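Enquirer: I would like to see how this sequence folds:
(one chain, ligands or ions: 1)
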Amino acid sequence: MFSHKRADFGEDFLFGAATAAYQIEGGQTDGRGSSIWDTFSTTPGNVHNSETGKFACDHYNRWPEDLDLLADGGFDAYRFSFAWPRLIPEGVGQVNQKGVDFYDRLIDGMLERGLKPFATLYHWDLPSALQDKGGWLNRDIADWFADYAVMVHKNFGDRLETTATINEPWCVAFLSHMLGVHAPGYRDIRAAARASHHVLLAHGTAINALRAEGGKNLGIVCNFEVAQGATGKPEDMGAARLWDGIFNRWYLDGLFKGKYPSDVLAHFAPHMPDDFADDMAVVSTPIDWFGVNYYTRGLYEHAPERGAFPLRKVDGPLEKTAIGWEIFPEGLEEILTRISADYTDIPLYVTENGMAEIEGTDDPRRIAYYNGHLGAVLAAQKRGADVRGYFGWSLLDNYEWAEGYDKRFGLVHVDYKTQKRTPKSSYRAFQSLLTGANRSR
Ligand SMILES: N#[N+]C[C@@H]1[C@@H](O)[C@H](O)[C@@H](O)[C@@H]2O[C@H]12
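Expert: Modelled structure (predicted):
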């Protein structure tokens, strides 16, 4: 079990678990439109075993059972995402009432079980119809996204505890347009530069639109990695600094300082949208809270042959998870205290943290992972970071994007053949921390 007590985190501290629509819902029916992940995953070579989210965890039908698992575990909150194509199948225009009905039932189900709804508007499943118009490369996406955000607010806003605009803008932009690992699978610096700006412009435009509708408790969720030099050589330390700029400071500086870091802009500048600097006031529109996703650190070395960004990640010596990420809880303390000291004093939530294993329901390594990172939260709080909550990734084993279903992040095991849910020992550890008991309904 964990070596912490719930009271250590503060009386109002929230514990939750997180998921995302495409990774768990399935339910490609009832008027849901196509998303870029439907097309990307069915394109050979993009996803392990060409696995798709067509059925996933069948959460579209099994959501009551999943909400019961959250309630039984003693969790206070549930971080979930709306599927844009389920609500507005073409991305703009006609609303799908069956999609509205689904999320009405889901959110009411959370409230009936005493679970605070922490919503994410966009967790990567862009409507294909918008991709057909250029997707994140088209500046108009800022208005498309803001209109979608207002639609969600008008239908559900009165019941949401918090609303995040975008989940992990680095993944939406750089991972998906520079590295090609995620949908839509571009490998193009011009596409990456434009998406890296438009994703933050869309965030700020939506925040302003939501404020105009009386929206409250608005934020964004960014992912962070502690970037360290593979050696102490200046060129390797420089490579780590550049990656810190690409992964961390592009978003922190853009969102909280209203300017992009010059070291990254030096590479992106020739490809940025015209007059992007005029957008920075919108990009840095004030928000109410900030979500921090953290998993690991990275070691980087100088790699002059690598073109636009002359760096390479190297294998580190620390114990690794099944997805190959080093286990480095100190990094979470570092990130939280850095954001709090250098960028903002608004409340922070750890909106994702967790680890992948391959299989099984007895997961002592995951218990140790969570215990270490919960300790990092406590350490960051002691150093002045206003951390208000922590969400384990993920409630369920689920569709791990380009990794398919093998990499299991769940507190609850899912047998994808039968859709049977089985709480893991890590779920029991949270249940014990949060309720003092090990039980299930
Ligand atoms: N990989 N990995 C696990 C996890 C992914 O499943 C989430 O959808 C993302 O928000 C974030 O990348 C983290």
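Enquirer: how far away is Gln23 from Trp37?
Expert: 9 Å (CB to CB, to the nearest Å). (Each C-beta comes from the backbone N, C-alpha and C, glycine too.)
Enquirer: Residues in contact with both of those two, list them for me.
Expert: Common neighbours of Gln23 and Trp37 are listed as 53, 401 (criterion: CB atoms under 8 Å, 6 or more residues apart in numbering).
Enquirer: for Arg62, what are its contacts?
Expert: 419, 421.
Enquirer: Confirm that it sits in a strand.
Expert: No. Applying DSSP: H, G, I helix; E, B strand; the rest coil, one finds Arg62 to be helix, outside a strand.
Enquirer: Check whether the helix or strand harbouring Thr351 comes near the ligand.
Expert: Element membership of Thr351 [criterion: DSSP states H and E] is strand 348-353. Yes. Using CB under 6 Å from any ligand atom, strand 348-353 comes into contact with the ligand via Glu352.
Enquirer: what does that strand rub up against?
Expert: For strand 348-353, contacts defined as CB under 8 Å, 6+ apart pick out 14, 18, 79, 118, 162, 164, 219, 221, 223, 289-295, 332, 336, 339-340, 370, 373, 377, 385-394.
Enquirer: What strands flank that strand, and is each parallel or antiparallel?
Expert: If you go by DSSP bridges, strand 348-353 pairs up with strand 289-302 (parallel), strand 387-393 (parallel).
Enquirer: now could you export just the CA positions of the first one as CSV?
Expert: I take that to be strand 289-302. Coordinates of each C-alpha in strand 289-302 appear next as CSV, following Å, rounded to 0.1, in the frame of the first residue of the first chain:
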residue,chain,number,x,y,z
TRP,A,289,-6.0,26.6,-13.0
PHE,A,290,-3.3,24.6,-14.8
GLY,A,291,-3.1,20.9,-15.4
VAL,A,292,0.3,19.1,-15.3
ASN,A,293,0.7,15.7,-16.9
TYR,A,294,4.0,14.1,-15.9
TYR,A,295,5.5,10.6,-16.5
THR,A,296,9.2,10.6,-16.9
ARG,A,297,12.5,12.4,-17.6
GLY,A,298,14.6,12.3,-20.8
LEU,A,299,18.4,12.3,-21.4
TYR,A,300,19.5,14.1,-24.5
GLU,A,301,22.7,14.4,-26.5
HIS,A,302,23.8,16.7,-29.4
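Enquirer: buried ones in it?
Expert: Buried positions in strand 289-302, judged by neighbour count with 16 or more other CB atoms under 10 Å: 289-302.
Enquirer: now stretch 339-358
Expert: Neighbour-count burial for stretch 339-358 flags 339-340, 343-344, 346-357 (criterion: 16+ other CB under 10 Å).
Enquirer: mean confidence score for that stretch?
Expert: Averaging pLDDT along stretch 339-358 yields 97.
Enquirer: Would you confirm that Gly26 belongs to a strand?
Expert: No. Counting by three-state DSSP, Gly26 is located in no strand; its state is coil.
Enquirer: quick one on the thing from earlier: and the ligand, which of the buried residues of strand 289-302 reach it?
Expert: Restricting the buried residues of strand 289-302 to those touching the ligand (CB under 6 Å from any ligand atom) yields Asn293.
Enquirer: So for Asn438, what's the pLDDT?
Expert: 59.
Enquirer: Then Arg441?
Expert: So Arg441 comes in at 45 (pLDDT).
Enquirer: going forward can the numbers begin at 456, since that is how I track them
Expert: OK, 456 is where the count begins now, so the last one is Arg896.
Enquirer: The ligand contacts on the stretch 706-855 of the chain?
Expert: Listed as neighbours of the ligand in the stretch 706-855 of the chain under the rule CB under 6 Å from any ligand atom: 748, 807, 848, 855.
Enquirer: Mind picking the two most distant members of the residues you listed?
Expert: Asn748 and Glu855 (14.3 Å; CB to CB).
Enquirer: list the buried ones in stretch 778-786?
Expert: 778, 780-784, 786.
Enquirer: coming back round to it: please indicate which of the contacts of strand 803-808 are buried?
Expert: 469, 473, 534, 573, 617, 619, 674, 676, 678, 744-750, 787, 791, 794-795, 825, 828, 832, 840-849.
Enquirer: list the contacts for the closest residue to Thr497 other than its chain neighbours?
Expert: Spatially, and ignoring its direct neighbours in sequence, Thr497 is nearest to Thr507 (5.9 Å; CB to CB, 6 or more residues apart in numbering). By CB under 8 Å, 6+ apart, Thr507 lies in contact with 492-493, 496-497, 854.
Enquirer: SS state for Leu561?
Expert: Criterion first, three-state DSSP; result for Leu561: helix.
Enquirer: For the nearest residue to it once chain neighbours are set aside, give its distance to Ala538.
Expert: Of all residues not flanking Leu561 in the chain, Trp518 sits nearest, at 5.3 Å (CB to CB, 6+ apart). According to CB to CB, Trp518 and Ala538 sit 13 Å apart.
Enquirer: So between these two, which is more surrounded?
Expert: Ala538 (26 against 21; other CB atoms under 10 Å).
Enquirer: Distance-wise, check that one relative to the ligand.
Expert: For Ala538, the distance to the ligand equals 13 Å [CB to the nearest ligand atom, to the nearest Å].
Enquirer: Any figure for the gap between that residue and Ile813?
Expert: 28 Å.
Enquirer: related to what we said a few turns ago, per-residue confidence at the residue nearest to Thr497?
Expert: pLDDT at Thr507 comes out at 98.
Enquirer: and if you look at the one 10 residues further on?
Expert: According to the predicted model, the pLDDT of Arg517 comes to 98.
Enquirer: what's the answer for Pro759, then?
Expert: With respect to pLDDT, Pro759 scores 96.
Enquirer: wait, doesn't it sit right on Pro765?
Expert: Yes. Between Pro759 and Pro765 there is a contact at 4.9 Å, judged by CB atoms under 8 Å.
Enquirer: circling back: need the contact list for the residue nearest to Leu561.
Expert: Here Trp518 is in contact with 560-561, 564 (CB under 8 Å, 6+ apart).
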